[in-house]
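K.L.:
Here is a sequence together with a model predicted from it:
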Amino acid sequence: MWRYVFSRLISVFTALFIIVTLTFLLMQLLPGTPYGNTDELTDHQIELLNQKYGLDQPVAIQYVKYLGNLLQGDLGISFKYAGRSVNDVIAERIGPSALIGFQGLVFGTIVGLLLGIISALKHNTFLDYGAVIVAVLGMSIPSFIFAALMQYYIGVKLGWLPPALWEGYQNTIMPSIALSVIVIATVARFIRSEMLEVLGQDYVLTSRAKGISRKKVIVRHVLRNALIPVLTMLAPLTVNLLTGTLVIEKIFAVPGIGEQFTMSIMLNDYSVIMGITLFYSVVFIIIIFLVDLLYGVVDPRIRLDGGVQ
Amino acid sequence: MKRFLTVSDLDVSFKTYNGEINVLRGVSFHLNEGETLAIVGESGSGKSVTAKTIMQLLPKQNSSVNKGTVMFRDVNLLEFNEKQMEKIRGSEISMVFQDPMTSLNPTMSVGKQIMEGLREHQSITKKEALDRAIALLEMVGIPNAKERVKEYPHQFSGGMRQRVAIAIAIACDPKVLLADEPTTALDVTIQAQILELIKELQEKLNTGIILITHDLGVVANMAHRVAVMYAGEIIEVGTVEEIFYEPKHPYTWGLLSSMPKLHVEQDEALVPIAGSPPDLSEVSEGCSFSERCPYAMKVCHKYSPQPTVLSKHHYASCWLLDDRAQKVKPPVEIGEVNYGS
Amino acid sequence: MQQNLDLISNDLFEPDPVVGKVEKKMKNRPQMSFWKDAWIRLRRNKGAILSIVILSIITILAVVGPYFSGHTYSEQNVLHSNLPPKIAGLEWLGFNGIDASGIDQYEARNLSENYWFGTDQFGRDIWTRVWEGTKISLYIAFLAAALDLIIGVIYGGISGYFGGRIDNILQRIIEILVGIPNLILIILFILIFEPGIISITLAMVITGWVNMARVVRGQILQLKGQEFVLASRTLGANPLRLITKHLLPNTLGSIIVTLMFTIPTAIFFEAFLSFIGLGLQPPLASLGILVDDGYKSMLLFPYKMIFPAVVISLIMICFNVLADGLRDALDPKMRK
Amino acid sequence: ACNFTGSEKTTQQPTENGDASASTDEGSKAQGQVLRVIEEDEIASLDIVKAHDTVSGVVISNTMEGLYGIDKNHQPVLAGASKHEVSEDGLVHTFTIRDNVWSNGDPVTAYDYEYSWKRTFEEVGYYTYSFANAKILNAQAIMDGEKSPDELGIEAKDDKTLVVTLEGPSPLLNYSLAFTAFFPVNQAFVEEVGDAYGTEYDMALYNGPFMLTDWQHDQGWKYKKNPNYREADMVKLEEINVSVVKDESTAVNLYEAGKVDLIEVSSAFIDRYKSDPNYSASVTAGLKFLRFNHNNKFLANEHIRRALDMAWEKESLTDVILKNGSIPTYFLVPDIAKAPSGETFRSLNGDFTGTVEEAQKYFKQGLEELGVDSIELNVLAADDTVNRDTAEYLKAEWEKNLDGLTINIEIQPFQSRLELEKAIDYDISLSSYIPSSADPLNYLDMWVTGKSFNRMDYSNPEYDELVNRAWNELDDEKRYDLMLEAERMLFDDAAIGPMYQDATAIIRKPYVKDVVHHPTLPQYDYKWVYIE
Amino acid sequence: MDHKDTLIEIKNVKKHFRLNKRTILKAVDDVSLKIYKGETLGVVGESGCGKSTLGRTIIRLYKPTDGQIIYDKQNVGERLSKRDEKRFQKRVQMIFQDPYSSLNSRMTVREIISEGLVIHEPKLTRAFLEKKVSELLELVGLNINHANRYPHEFSGGQRQRIGIARALAVEPEFIIADEPIAALDVSIQSQIVNLLKDLQKEKGLTYMFIAHDLSMVRHISDRVAVMYLGNLVELATSKKLYTNPLHPYTEALLSAIPIPDPKIERARERIILKGTIPSPTNPPKGCRFHTRCAYAMKMCAEFTPELKEIEPHHYVACHLTTAD
Ligand SMILES: Nc1ncnc2c1ncn2[C@@H]1O[C@H](COP(=O)(O)OP(=O)(O)OP(=O)(O)O)[C@@H](O)[C@H]1O
Ligand SMILES: Nc1ncnc2c1ncn2[C@@H]1O[C@H](COP(=O)(O)OP(=O)(O)OP(=O)(O)O)[C@@H](O)[C@H]1O
Ligand SMILES: [Mg+2]
Ligand SMILES: [Mg+2]
């Protein structure tokens, strides 16, 4: 086990290294400068700026320097938010993103599980079709539409919750719900499909023969065995939710990181791009790793360190 | 002895793409307290389905119980709803499923699986349940039970899994135990041990056992009475002696004579019953065994025989028992031969 | 059946063994492969059939719909801008040409012509644009599905089946692909490629299939140790056969569901690509773009968003019901 | 209500109405003289060297002050200086600094100006070009690397006396001095905090009507009235709460819910508010126009260019598509500044209009001259809604009206579009320009050969000469004549295709009074605002 | 049976499973035996003693931890070339113990049975396949009517027969039958056993027959191997083994065979093995059986007895016999 974790760690670092390297190189190809609109700067001035930020040096040297700073935990200074360190930018913005992402995930998973279970238990009845349609609408209509509708009707017309901004806990509710839509859809659909598969297995009969109620059978036996694909799908979703989503953050004026990322790419804010990419990749790799470990927890038959033979 | 489980006139059918198949056709039998009833018979004859019907665990989407009652004490289980059944299952009636590989949840440790039923029906703490689970595992002869409770089914051999399944079934001291081939995957010494265990349990709790098995040795050891099934019907019932020494149905004869005998030279071929079982999707006229029966008469192809009472416990459904039929002698081995080694 | 024993005449009691005499009657289902069998089962699923019908209608409308209205998707007439939908005879359904402030715009502007789905701000016919967009979005849907099936399933299959080091490497590659910001690649794409369907396709090739690969891998990891797989290995089945014949069929349920997620994601990914310049060239618009555009004026001109959204939802609901039907049909145990 | 910021030095109290479900009835307002507005982005920096975005511009111009300020009527007036003396030749300007203090109590001195201006050059601030435009001595040379920032034409004689030297007569100097780039900074403070200057509300000093008292990154910030401001008694607002909201419909919803008092709206929402009494549109000095690549084989032809300019209806674009009060333009210089005669630029020069029929004629002529019967052109547009819509509209109009023309729309993200434009790698580009002062010369200067804004290889020596003369003409009447002629010449050449003069559509609660909205950047001035 | 050709020779084969960091489960520990061409080797032993593991190791489903498996002069315990592997797979087949999980639930019986044929001879015509499938089904007591059904529609016994038909389809020369008949009723058991024997006679097949049913093992086997906790403890011709069991475990085993005669069965005495069953993760030192052996001596706990040929073709690993 530890050997596995260790060898996995090595390959994870390799992957991270490659991501950092490739992103660094690709980023160089982006058109334009990180200085925003340079309409009125003279060539000399741009040269001065490049010198100041070390961008006049060969890419290889810039890269080595970047890695050096990285090892010391320094992600550099933002170009757009002049003078602010990327560490700060990420640190300040990750909180809100993670909070609404986490809430959305939890809420979505719970509702999704319920829908999925209802669907599977009432297979091919109207309840099932109802749950299917709810889930499908959840995945085929983009979440920003739900967000906007919620904002208008709940926030403005009914006034139950603040329509936007980031002032208190109530502000987190609507964004979380909007984010949960896709989670609900994902969980509901996968749970339904997998549960149908599992419900036909013999051990479900065994547990029912023990006198366990259907509900408990579902919770203890069926769900767990139906979990693998849900986990697989939820992993990247979790990463995306926790690391922020552009539209929802924009609509609810949440000071999150998702919006920041797009922005910095559009503006060539190199250090922020690198910082967030790195951050995102680390979260992604960690979560995928956890999911892989979870595979083994959920289904002890799965052994990742073994090949076929 | 009290008769406390009575199955009468059970008809069960499955919908398949080949059409409807009538898997059980008028199955009736009863079980007394403290008694072991063995059900033997052709594979595919409906033994497992019978057991599942009693438990009401048939797959809902394609099976239907068309007729019949399952009286447990004085209630008809078939009229029970799911909630009521849940109370009964595991505590009053429990079942060991035929297949040990798939009947355990691969993602739950065996200990948990045993504890689950315990905690459902008895108000005990987790710790107590765990201790009981370990004790049960030891009882069914799993070495090192303390450690192995934490393991998962895939880490157990087939026989060990079967024993786990038995442990689950007997965990709550059920009144009726439906054991569907509980020892097929076990070697003889362990089998003997398990059978002993079941017997002890029976004596202690006066449990009624329905033992489904192919192993006539086990039947001889365990059963008080034997029911022989063929193609969804019970064609002969009797005490174990009656079935072994005075079988009356040609199918029973066939079964008994197809066993290997320890004293017979091994080069001698075994004597299987000729032909293959009938297609249950067709409603055939006459006796379902008629096409394979060497003693078949014209009537057998036309009318299905009714049970004939042969003694207090012994019934058989065969036209040969009709007065008008020629008397035939069962094959030589039956009833006369000593099986000693 | 209690027969009267006396009715049975004595002559019936003559021996008449038939063992070995009668040939077994062959009442056989026609020989069917798994797939054919599945198709037959699918045909019995009303929901699935209805979905196929609706999808066919949508596909047909996508092809011929634009010719019904007498407008092209790009024909612009600012005098007719922002007209609400109006269909003669369907006024009671809301197709009455009355806008959010209760004015019949057709009367107000003295128009005799009806726009079935209304018009956008350029006065373009939304009906035509919706069907034109459906064509593109359907293409995107199929493209996404194809990528998922071709790249995702194979990739995941190989990764899960071979496991160990190969799995490790393949999974790290996925992590790298996901880790590198998509947007950077897309911006570089915009610089290099002409915008259009091919560029969309390329952009989707990068990571569109990743979820599928992971789902398939997860399932196969779970399945590959099962005895039926071992049995087939002892028969000499090569990995290809094992994966395609044994592992994937048992993964189909998840594959289908995953596919159903890829499709809407792809439809809106295309809209995003088009918006930043890699996708379609305006005024050509896909359903995703129409929804995105309509969203901005959702409260004032709801019809601009509703029609494309309804078509997307309808397509997706049909796909999903069909997928569920397919999943049931592909699972022999689910048969009724 | 709790705060969800990562920052620990938060001092923000939840606003009274920050609590959800507080009051949602329309028109609910904050208590007292509090204005609630939104900005669509975070403040990039409070440092005038680093900030060159509109948001920072508004914050800086409301919290700091330079030698000149802009009055209610958008005219430059003395602000940080109490006196402005000009030498005979117009090259040496001597300012007397008014008594004023920084928010830490230090007096504002002439040295602060000198330090600030030179610092801008040292640190390569974006707005150095406006020093060059203002003809501050050596500004251009420093930008080109020929001189050092030290040699900039500014010198503090003593605390109160500041001497600015020019390279030549500068008709736009006063306007320029009101621009944020020319503001002072407190040397001691800047040197003390170093790189952190301008990154937090307490990492900057203020000498303007307001000062920042809170800044939650990406969420918003808060201004409070500056009690030490020289004209503090004129400032009525006690507090301004700014929230960062990037989505327009969100802004509208916040306004509807009574959470903010003033928002800008655009096309889709204008339909909704057009007839609302709280709606108003004010034109800006921003100009949207078509750049024709004069190197392009087809666009090198004057007739083709003229046809492209005339062949579409500008009114429909502004009235039906944009709807925000933008004015269709048949000219280069909008009607903002007035000539000395009191007449406007437009009334003097008239419109350069044409009809679709003429356009078709020109186009045919052009095709004949080129010897082709069809041409295909790309239109480069940025990836925002307005530009896309405009491009779509143009494509449809052009293709409808000009036979043989095929238009491809090429959408590019902001940076890419900029790079392509700079490299003159496009056919037609949708461009915009907003000057830092509304003088006609700013608009005309763009098309001088080799100027960075030219970016389309238009070159007409006579035109260059005219503009150059206007730059050096201190007599306003003569200067206007030169400029009028230059504009005519530009349209003679059909060098560009003007589209419209931008406007900002605003809705604000009726109790918000006297919001001043300047046509040039930075637009919002809160100095005179009060709540009724 | 003196001069038989060896078909397969197993030399010191070990198969250990690593359960976790510290625990290693020695499922098969140092087993050596030969299987001759045309014979049936019965393998019996306690459940969990490693019979299936041994079988699976022989058929290359598991890579042996140690030791050699020489099949027809070739060591198949190591990597094989593609061609050799394919050849091996056609020659050796396995009938799996579990009739439930060993059939792919998404394949029809036809597909399951014909898979081997399709793999090894891809060019077969449909008609031929159909005929072959039909033959095979008849052979195992099913019929072509069943060909279109899916495994879950069958009873346990029926599934087992499908598994047998699958193994027979490629006409192997060596079949490892892992409890092929446990799930069948006696009539069909005898049918299958007859079938296996007929095939053996006809085609000279070799079987490794793993079973718990000792009477059936006796009936079918030429020689019988008795395993205990991963070790081979006794190996002899079936006649010798059943008449003269030398190992105490074999003795206990034989005494426990249930006899299908109620009177005898109930009156009978059995050797009941005492003591707890040791675990393969931590097998006892010395003779692995000593913890439960009625005759255990001091040395049994110390030294591991070697498998020795006590009389011709009768091997035992017990200090009792070797001590004589
Ligand atoms: N879910 C099902 N769908 C369709 N047919 C079924 C189903 N379950 C069982 N059957 C059919 O019902 C019949 C009886 O099956 P059952 O499992 O009771 O046999 P059995 O007597 O237990 O046989 P065995 O001894 O082999 O286990 C068989 O013909 C089988 O094909
Ligand atoms: N894949 C595996 N991983 C870990 N342990 C295993 C594995 N397969 C088998 N074992 C263990 O190896 C031992 C031998 O198992 P095996 O299946 O060979 O027994 P068997 O003799 O076939 O028993 P049975 O007669 O019950 O089938 C058992 O203790 C089992 O728990
Ligand atoms: Mg059964
Ligand atoms: Mg085994």
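P.N.:
Arrived safely. Remember, predicted model here, so these are calculated numbers, not experimental data. Ligands and ions are numbered 1, 2, ... in the order given.

K.L.:
Distance of D:Phe289 relative to chain B?
P.N.:
68 Å (C-beta to the nearest C-beta, to the nearest Å). Just so you know, the C-beta spots here come from the backbone N, C-alpha and C atoms, and that holds for glycine as well.

K.L.:
If we ignore the residues flanking it in sequence, what's nearest that residue?
P.N.:
Nearest residue to D:Phe289, sequence neighbours excluded (C-beta to C-beta, 6 or more residues apart in numbering or on different chains): D:Pro498, at 4.6 Å.

K.L.:
Same check on D:Gly125?
P.N.:
Closest residue to D:Gly125 apart from its sequence neighbours, by C-beta to C-beta, 6+ apart: D:Val49 at 4.0 Å.

K.L.:
Need phi/psi at that neighbour.
P.N.:
Here is the backbone geometry of D:Val49 (degrees, to the nearest 10): phi -80, psi -40.

K.L.:
What's the separation between it and D:Asp144?
P.N.:
For D:Val49, the distance to D:Asp144 (C-beta to C-beta, to the nearest Å) stands at 19 Å.

K.L.:
who's more crowded, the two?
P.N.:
With neighbours defined as other C-beta atoms under 10 Å in any protein chain shown, D:Val49 and D:Asp144 compare such that D:Val49 has more, 23 against 13.

K.L.:
residues contacting the more buried one?
P.N.:
D:Arg119, D:Thr120, D:Glu123, D:Gly125 (C-beta atoms under 8 Å, 6 or more residues apart in numbering or on different chains).

K.L.:
again, but for E:Arg161
P.N.:
E:Val140, E:Gly141, E:Leu142, E:Leu184, E:Ile188, E:Ile192.

K.L.:
Would you mind giving the secondary structure of A:Asn171?
P.N.:
Secondary structure, DSSP: H, G, I helix; E, B strand; the rest coil: A:Asn171 is helix.

K.L.:
I'd guess E:Phe209 is in a strand, am I close?
P.N.:
Yes. The assignment for E:Phe209 by three-state DSSP puts it in a strand.

K.L.:
Please, where are all the helices along the stretch 1-150 of chain A?
P.N.:
A:2-29, A:43-53, A:59-71, A:86-121, A:126-140, A:143-150 (DSSP state H, counting those that start in this stretch).

K.L.:
Nearest to ligand 2: which residue in chain C?
P.N.:
Using C-beta to the nearest ligand atom, C:Gly225 is the residue of chain C that sits closest to ligand 2, at 7.7 Å.

K.L.:
surely that residue meets A:Arg301?
P.N.:
Yes. Between C:Gly225 and A:Arg301 there is a contact under C-beta atoms under 8 Å: 5.9 Å.

K.L.:
anything in contact with each of these two?
P.N.:
Contact criterion C-beta under 8 Å, 6+ apart; residues shared by C:Gly225 and A:Arg301: B:His154.

K.L.:
of the two, who's got more company?
P.N.:
Neighbour totals were compared for C:Gly225 and A:Arg301, and A:Arg301 leads with 19 against 15 (other C-beta under 10 Å).

K.L.:
quick one: that one and E:Asp261, what's the gap?
P.N.:
Plainly put, A:Arg301 is 43 Å away from E:Asp261 if you go by C-beta to C-beta.

K.L.:
Could you do B:Lys60 as well?
P.N.:
From B:Lys60 to E:Asp261 the distance is 42 Å (C-beta to C-beta).

K.L.:
Now D:Leu430: phi and psi?
P.N.:
Dihedral angles for D:Leu430 - degrees, to the nearest 10 - are phi -80, psi 110.

K.L.:
my read: it touches D:Asp383, true?
P.N.:
No. Using C-beta under 8 Å, D:Leu430 makes no contact with D:Asp383, being 11.3 Å away.

K.L.:
ok, the two, which is more surrounded?
P.N.:
Neighbour count, other C-beta under 10 Å: between D:Leu430 and D:Asp383, D:Leu430 has more, with 24 against 19.

K.L.:
so that one bridges to which residues?
P.N.:
Taking DSSP bridges as the rule, D:Leu430 bridges to D:Leu290.

K.L.:
Mind pulling up the pLDDT for it?
P.N.:
Looking at D:Leu430, its pLDDT stands at 91.

K.L.:
cool, and C:Met1?
P.N.:
So C:Met1 comes in at 43 (pLDDT).

K.L.:
returning to what we had before: higher neighbour count, B:Lys60 and E:Asp261?
P.N.:
Under the criterion of other C-beta under 10 Å, the comparison of B:Lys60 against E:Asp261 puts E:Asp261 first, with 24 against 10.

K.L.:
quick one: contacts for the nearest residue to B:Leu186 once chain neighbours are set aside?
P.N.:
Spatially, and ignoring its direct neighbours in sequence, B:Leu186 is nearest to B:Gly159 (4.7 Å; C-beta to C-beta, 6+ apart). Taking C-beta under 8 Å, 6+ apart as the criterion, B:Gly159 is in contact with B:Pro100, B:Ala185, B:Leu186, B:Asp187, B:Ile190, E:Glu46, E:Ser47, E:Gly48, E:His212.

K.L.:
what about B:Gly159, helix or strand, and which?
P.N.:
B:Gly159 belongs to helix B:158-170 when elements are defined using DSSP states H and E.

K.L.:
That helix and ligand 2, are they touching?
P.N.:
Yes. On the criterion C-beta under 6 Å from any ligand atom, helix B:158-170 is in touch with ligand 2 at B:Gly158, B:Gly159.

K.L.:
just to revisit the earlier point, so which of the contacts of D:Val49 sit within strands?
P.N.:
Judged by DSSP state E, strands contain none of these.

K.L.:
now those as a markdown table including neighbour count and pLDDT?
P.N.:
Putting these into a markdown table (neighbours: other C-beta atoms under 10 Å in any protein chain shown; pLDDT from 0 to 100) gives the following:
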| residue | neighbour count | pLDDT |
| --- | --- | --- |
| D:Arg119 | 19 | 91 |
| D:Thr120 | 27 | 90 |
| D:Glu123 | 17 | 85 |
| D:Gly125 | 23 | 84 |
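
K.L.:
Lowest average confidence across helices and strands of chain E, where is it?
P.N.:
helix E:319-323 (a mean of 74; mean pLDDT, DSSP states H and E).

K.L.:
Out of the helices of the stretch 1-150 of chain A, which is closest to ligand 1?
P.N.:
Among the helices of the stretch 1-150 of chain A, helix A:86-121 sits nearest to ligand 1 (C-beta to the nearest ligand atom), with 18.5 Å.

K.L.:
Show me what the closest one is packed up against.
P.N.:
If you count contacts as 3 or more C-beta pairs under 8 Å, 6 or more residues apart in numbering or on different chains; DSSP states H and E, helix A:86-121 packs onto helix A:126-140, helix A:170-199, helix A:227-242, helix A:246-251, helix A:257-266, helix A:270-298.

K.L.:
Is the shortest one positioned near chain C?
P.N.:
Which is helix A:246-251. No. Counting by C-beta under 8 Å from any C-beta of the partner chain, chain C has no neighbours in helix A:246-251; the shortest distance is 9.6 Å.

K.L.:
and that helix, average pLDDT?
P.N.:
Mean pLDDT, helix A:246-251: 83.

K.L.:
CA atoms only for it - export them in PDB, please.
P.N.:
The C-alpha coordinates for helix A:246-251 follow below in PDB (Å, rounded to 0.1, in the frame of the first residue of the first chain):
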ATOM      1  CA  LEU A 246     -16.800  31.100 -14.200                       C
ATOM      2  CA  VAL A 247     -20.400  31.700 -14.900                       C
ATOM      3  CA  ILE A 248     -22.000  31.100 -11.500                       C
ATOM      4  CA  GLU A 249     -19.400  33.300  -9.800                       C
ATOM      5  CA  LYS A 250     -20.000  36.000 -12.300                       C
ATOM      6  CA  ILE A 251     -23.700  35.900 -12.000                       C
END
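
K.L.:
what about that helix, distance to the chain center?
P.N.:
Computed by C-alpha atoms, centre = their mean, to the nearest Å, the chain-centroid distance of helix A:246-251 equals 14 Å.
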